[in-house]
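> Okay, here's the prediction I keep looking at, along with the sequence it came from:
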Amino acid sequence: MIIDDFSRFTWVFFLRDKGETQGIFKKFARRAQNEFEVKIKKLRSDNGIELRNTNIEAFLDEEGIKHEFFVPYTPQQNVVVERKNQTLIEAIGAMLDEYKISKKDYSAEAVNTACHVINRLYLHKLRKKIAYELITGKKPKLDYFRVFGCKCFILNKKSKSSKFAPKVGEGFLLAYATNEHGDRVFNETTGQIEIAIDSTFDESDGSQKEQVNAEILGKDKPSYQVIKKLATSEVKPIEEEEDDAHMQIPCDPNLHHGSTNAHDDASTSIRGHDSREQVSQDPPQAQEPTKMVIKTFKIESPSLVLDN
């Protein structure tokens with residue numbers, strides 16, 4: 001892993017053996033100086049034998065690059081590289097676990113994808129700009145970003161064995177091509193990693209559907225469904241039990257109660273004066289005390305209970 005100290009732009013290389021370090025660094029140094037039109041001034045590294053030998057020192061002397069070393073067993077001096085290494089490890093772990101992709105077979109692809117995305121998304125802490133913008137002077141395009149490991153349908157442009165052969169193969173996204181304008185996808189039909197450009201991605205299919213464990217929530221539905229039911233008046237009042245729901249309040253017999261029935265009002269007006277006289281002639285009789293019954297209702301929902 002090589003990090004630019006100014007912009008924090010990161011390059012990642014994969015080695016079969018530490019002996020390949022010298023050749024890879026020489027190619028990178030020449031290409032970076034030519035591509036970005038700058039000169040490398042210093043190289044800081046640990047005391048590993050892959051970068052501390054006569055061959056690499058001779059190359060640095062020719063290019064006029066100063067070589068600095070960190071004190072052995074002192075990772076706090078190399079804090080930039082250590083933190084970036086930890087960031088990449090945590091990122092690829094989450095990416096591979098999201099779609100249950102084999103860590104042994106595609107960990108290198110995940111590292112490439114994570115490094116590619118971090119260079120184009122993370123802001124520099126002091127300069128408040130993206131690493132890609134600091135090193136190139138241009139803002140990156142992000143419209144081609146896809147979810148790592150999502151399902152994709154790849155158009156088959158090769159010659160078909162028959163007219164009825166499928167035109168589309170199913171696979172999943174692995175990384176973004178570095179030297180081609182396309183995506184690195186694994187074609188499950190052929191069992192190979194291909195560079196594809198005519199692909200359709202399905203980013204809704206994956207383990208993100210089951211992010212929350214059902215055992216933790218129990219049988220209750222999510223709160224947004226309860227709110228939706230309350231808004232659409234789908235919750236019906238349920239009468240409580242007799243012992244808790246009824247309240248008897250004695251009322252004064254001389255208290256005048258207004259009629260709430262239109263039919264009762266009409267019949268009273270029709271009887272008119274005759275009924276009044278009859279009431280006045282009859283002797284007063286003892287009236288039984290009336291009682292008012294008030295019923296309370298409770299609105300029940302899967303996760304909310306509202307008492308009125």
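Noted; the coordinates are in hand.
> going forward, measure contacts between C-alpha atoms and count neighbours the same way
Will do.
> Show me the shaky parts of this structure.
Across the chain, the ranges flagged by pLDDT under 70 are 103-104, 205-308.
> Please save the CA atoms from the longest strand anywhere in it in CSV.
Using DSSP state E to define each element, the chain has its longest strand at strand 168-176. Only the C-alpha atoms of strand 168-176 are listed here, as CSV (Å, rounded to 0.1, in the frame of the first residue of the first chain):
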residue,chain,number,x,y,z
VAL,A,168,-28.1,-12.8,-20.5
GLY,A,169,-26.0,-14.4,-17.9
GLU,A,170,-26.4,-13.9,-14.1
GLY,A,171,-23.5,-12.9,-11.9
PHE,A,172,-22.5,-10.3,-9.2
LEU,A,173,-20.3,-7.2,-9.0
LEU,A,174,-16.8,-7.5,-7.7
ALA,A,175,-14.8,-4.3,-8.6
TYR,A,176,-14.3,-1.5,-11.1
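> That one: partners in the sheet, and parallel or antiparallel?
Strand pairing for strand 168-176, using DSSP bridges, gives strand 151-155 (antiparallel), strand 183-187 (antiparallel).
> and of those, who's closest to residue 142?
Each of the strands paired with strand 168-176 has some distance to residue 142 by Cα to Cα; the shortest is strand 183-187, at 13.6 Å.
> Just the buried positions in the following helix or strand past that closest one, please.
Using DSSP states H and E, the helix or strand that follows strand 183-187 in sequence is strand 192-196. By neighbour count with 16 or more other Cα atoms under 10 Å, strand 192-196 contains the buried residues 193, 194, 195, 196.
> and the residue lying closest to residue 89 once chain neighbours are set aside, what does it touch?
Nearest residue to residue 89, sequence neighbours excluded (Cα to Cα, 6 or more residues apart in numbering): residue 111, at 7.9 Å. Neighbouring residues of residue 111 by Cα atoms under 8 Å, 6 or more residues apart in numbering: 12, 88, 89, 92.
> hmm, back to that, tell me which of the strands paired with strand 168-176 is the most buried.
Of all those, strand 183-187 has the most neighbours on average by mean count of other Cα atoms under 10 Å, namely a mean of 23.
> next helix or strand past the helix or strand hosting residue 80?
Per DSSP H and E: residue 80 is located in helix 79-98. Once helix 79-98 ends, the next helix or strand along the chain (criterion: DSSP H and E) is helix 103-121.
> how about the helices in this protein?
Along the chain, counting by DSSP state H, helices occupy 21-36, 54-63, 79-98, 103-121, 131-136, 214-217, 223-231, 242-245, 262-281.
> Settle this for me: residue 81 is touching residue 5, isn't it.
No. Residue 81 lies out of contact with residue 5 (Cα atoms under 8 Å); the separation is 9.8 Å.
> who has more neighbours, the two?
More crowded of residue 81 and residue 5, by other Cα atoms under 10 Å: residue 81, with 19 against 13.
> if I look at that one, how far off is residue 4?
Using Cα to Cα, to the nearest Å, residue 81 is found at 10 Å from residue 4.
> Excluding chain neighbours, give the residue nearest to residue 92 in space.
Nearest residue to residue 92 in three dimensions, chain neighbours excluded: residue 110, at 5.5 Å (Cα to Cα, 6+ apart).
> burial count for that neighbour?
Using other Cα under 10 Å, residue 110 has 24 neighbouring residues.
> so who does it touch?
Residues in contact with residue 110 (Cα under 8 Å, 6+ apart) are 92, 95, 96, 148, 174, 175.
> Nearest to residue 24 among the residues you listed?
Residue 24 lies nearest to residue 175 out of the contacts of residue 110, by Cα to Cα, at 21.4 Å.
> Who does that closest one form a beta bridge with?
Beta-bridge partners for residue 175, by DSSP bridges, are residue 184.
> Report whether the expected contact of it with residue 186 is present.
No. Between residue 175 and residue 186 there is no contact under Cα under 8 Å: 9.6 Å.
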